[in-house]
Structures are given as structure tokens and as C-alpha cells.
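Participant: give the three-dimensional model of this entry:
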Amino acid sequence: MRSKLVAAQYLIGSVDELVAAHSPERRQRDLIEVGDRPEFGRLPYFPEDVVAALSTAAPLVLVGTKSPVAFFGYREHPSALAEGVATLTLSTGEEDSYAALVALDEELSGLPVGASTATVSVGGQTAALSDEQGLDGWTIGSVAAETMPEDAIVSIEGGTVGHSFFAASQNGPRHSVLTNTGGAIGQGLPVAFGASLAAPRRRVVAIQSDGSAQYTVQALWSMALEGTDITVVLVSNQKYGILNTELQRLGHTSGDLANSLTSLTNPSLDWCATARGYGVPSSQVHSVGELRAALRRAHAVPGPTLVEAVVG
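Facilitator: Below you'll find the model as predicted:
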């Protein structure tokens, strides 16, 4: 991985922006002794924002990835988001991107390349959080980034905290991030479980929204059965937020029936009782200070733990 970084650093002096796909299968983030790993921003989630972000690309160079497409289909937006943008493919996901970067560096070795200044602005909340603050997407993502142990594997599913975690963790301890690549709601908990089996010496942190967790909640029992070292940060906003968002984007005004189908309040879910029923210790928190303390405890003990972070 270090050699790949060095190869990339030869090139980025002449690159305007470094951007990763919004939902890569796996992303390694850390700092190394020879200098900071260049921080890759993420493409936005909504297609119109991606089109705007790529409108100034000249050209768009793809390394180890495909040209971006929309997560969902919309009548008023193209699915192929780089239409009309001059695009060069240095390597595909099936090819050796490191070898491609090295080869390109050799071809450019005789050309002047300025000092590396490439960056992508990553917006986010950077101010210190007080223990008394309440919980929302920004504070939960920030505290999860602040408290995760070195070399953690982080499985993220849910729009509530994804952006804030990426922004807050960009200069944090070394960690790997696994995200939802294809819209398969419910992948977060099973992916966290599989990652823990594959890398049993690393703590796994599953940052999981409550609505999508309902699709594969039985993964908690598998975690307890295998005694996996997983901390589940259950983000409880008591609704299927992504469904409400997409309905609004289609121009639908949510009525009582739609709200009842996307709300998780009638009856409300008891996540602590559910986790205990599957054999996973659990707790519920309502403030930044409570969340900090609960996550530090969970990371320090073997086996799975669920921490329900109540939004609002």
C-alpha cells in the first residue's frame, strides 16, 4: 500500500482534485511516516451534485474504477453522470492500478511536475464537541471517528452519519472502511460480521442506521455465537429516512399512510431488548458524553456490543 501511495504522490502535483467513488467496496485510510496519505474526497450522493462536481473536470481520469453512475434512476437526471466530460481510463477495477501508475510515472518522468498540492475540500463539523451536546448525524459520526481504535474496520450503512464520519475521520487513526456499493439495504451488519471473521485481530465498528438494520437484524445472533469483536453503533432516528428523502425527490408529499409505512414509532423499536435477546450486551445513549463513554467501554471488551445512539 505504501508503494502505491508513493507512486500516486509522483502524479498528484499536476492533478486538480483527487476524488473517490461515493461508495467504494473498501477504502484504506491512514497516516504514514513518509507523509500524509493524500486525502480523497467522495463524490456526492445525489446525481445532480455529481454532475456539477464533474463539470469542471478536464479531463476526468479513472484509476481502478468505472465512470460514475447514479445510485437510483431518476427521469430528470442521466444515469451516466460523466456524460459530455472528456474521460481517460488509466486502469479498470480488474487491472493493476499500481502498475498503471508506475508506468505513467515513467512516461512522465522527464516532464516537470510541481510540488504536491492536490486536495479535495471535505466539508464537515470540526469544532470540538462538548459532552452535553445532543446526538444527530454529525455528532454521532464525529464521536465514532474520535473513539475508534487503531486499525479498526468500519462498516457504514445509512445516510444519517456517513458523511460526518468520513469528514471527521480523515486525519484519524489507521482504519478500513466498507460501504454499501449497490443499494442492497441491510448489508451493514452482515458485512461487519464477515469482516470480523476474516480479520479476528481487528476491532470492527458497525455504524448502522436503524431502518436498514431491520433487514438483517439476525446478524446480531451470529455475532454473539462467534464472539466477534464488533461494536455496533445503532443510529436510532426511528424512521426509514432514505425512503422519505427519495419520495420527496420524486415530488410526492408524504401523507399519513406513507408516514406510517416509513416511521418506526408505532410501535417503537426496543433495540437494547432486541440485542439482549440475541445475546449481545447493549446500552442506550442520548448525549455526546454518554456516547463517548459507551463506545470506549465497548471497544475495550471482547465480543460484540450494541450502543443505541438516539437522535433528537
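
Participant: all contacts plus neighbour counts: C-alpha atoms, from now on.
Facilitator: Fine.

Participant: which parts of this structure are strands?
Facilitator: If you assign secondary structure with DSSP state E, the strands in the chain sit at 19-20, 26-29, 31-32, 35-36, 41-42, 60-63, 87-91, 152-157, 175-178, 204-209, 230-236, 282-285, 305-310.

Participant: now do the fourth one, average pLDDT.
Facilitator: Strand 35-36 comes out with an average pLDDT of 47.

Participant: and if you look at the third one?
Facilitator: What strand 31-32 shows for mean pLDDT is 46.

Participant: one more: the longest one?
Facilitator: Within the predicted structure, the mean pLDDT of strand 230-236 is 97.

Participant: so what are the sheet partners of it and their directions?
Facilitator: Strand 230-236 sits in its sheet next to strand 204-209 (parallel), strand 305-310 (parallel), going by DSSP bridges.

Participant: that one vs strand 152-157, what angle?
Facilitator: Note on geometry: by axes from the mean of the first three to the mean of the last three C-alpha atoms, to 10 degrees, strand 230-236 and strand 152-157 are set 30 degrees apart in direction.

Participant: list the contacts of strand 230-236.
Facilitator: Among residues not part of strand 230-236, those counted as contacts by C-alpha atoms under 8 Å, 6 or more residues apart in numbering are 140, 144, 160, 192-193, 196, 203-210, 223, 295, 298-299, 303-311.

Participant: in this structure, what spans have low per-residue confidence?
Facilitator: Flagging of the chain using pLDDT under 70 yields the residue ranges 1-27, 29-41, 58, 108, 110-127, 184.

Participant: so which of the strands paired with strand 230-236 is the most packed in?
Facilitator: Compared across the strands paired with strand 230-236, strand 204-209 shows the largest average neighbour count, a mean of 28 (mean count of other C-alpha atoms under 10 Å).

Participant: what sits up against it?
Facilitator: Contact partners of strand 204-209, identified using C-alpha under 8 Å, 6+ apart, comprise 148, 152-161, 188-189, 192, 195-196, 229-237.

Participant: make a PyMOL selection of the buried ones in those residues.
Facilitator: Burial among those is assessed by 16 or more other C-alpha atoms under 10 Å; the matching PyMOL selection reads:
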select buried, resi 148+152+153+154+155+156+157+158+160+161+188+189+192+195+196+229+230+231+232+233+234+235+236+237
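
Participant: could you dump stretch 295-312 to PDB, C-alpha only?
Facilitator: As requested, C-alpha coordinates have been extracted for stretch 295-312 and formatted as PDB (Å, rounded to 0.1, in the frame of the first residue of the first chain):
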ATOM      1  CA  LEU A 295     -18.100   3.400  22.800                       C
ATOM      2  CA  ARG A 296     -14.800   3.400  24.700                       C
ATOM      3  CA  ARG A 297     -16.200   0.700  27.000                       C
ATOM      4  CA  ALA A 298     -17.400  -1.400  24.100                       C
ATOM      5  CA  HIS A 299     -14.100  -1.200  22.200                       C
ATOM      6  CA  ALA A 300     -12.200  -2.300  25.300                       C
ATOM      7  CA  VAL A 301     -14.100  -5.600  26.000                       C
ATOM      8  CA  PRO A 302     -14.100  -8.700  23.900                       C
ATOM      9  CA  GLY A 303     -17.200  -9.800  22.000                       C
ATOM     10  CA  PRO A 304     -20.000  -7.800  20.400                       C
ATOM     11  CA  THR A 305     -21.700  -4.800  22.000                       C
ATOM     12  CA  LEU A 306     -24.600  -2.700  20.700                       C
ATOM     13  CA  VAL A 307     -24.800   1.000  21.600                       C
ATOM     14  CA  GLU A 308     -28.100   2.600  20.600                       C
ATOM     15  CA  ALA A 309     -27.500   6.300  19.800                       C
ATOM     16  CA  VAL A 310     -30.800   8.100  20.000                       C
ATOM     17  CA  VAL A 311     -31.100  11.000  17.600                       C
ATOM     18  CA  GLY A 312     -33.100  14.100  18.700                       C
END
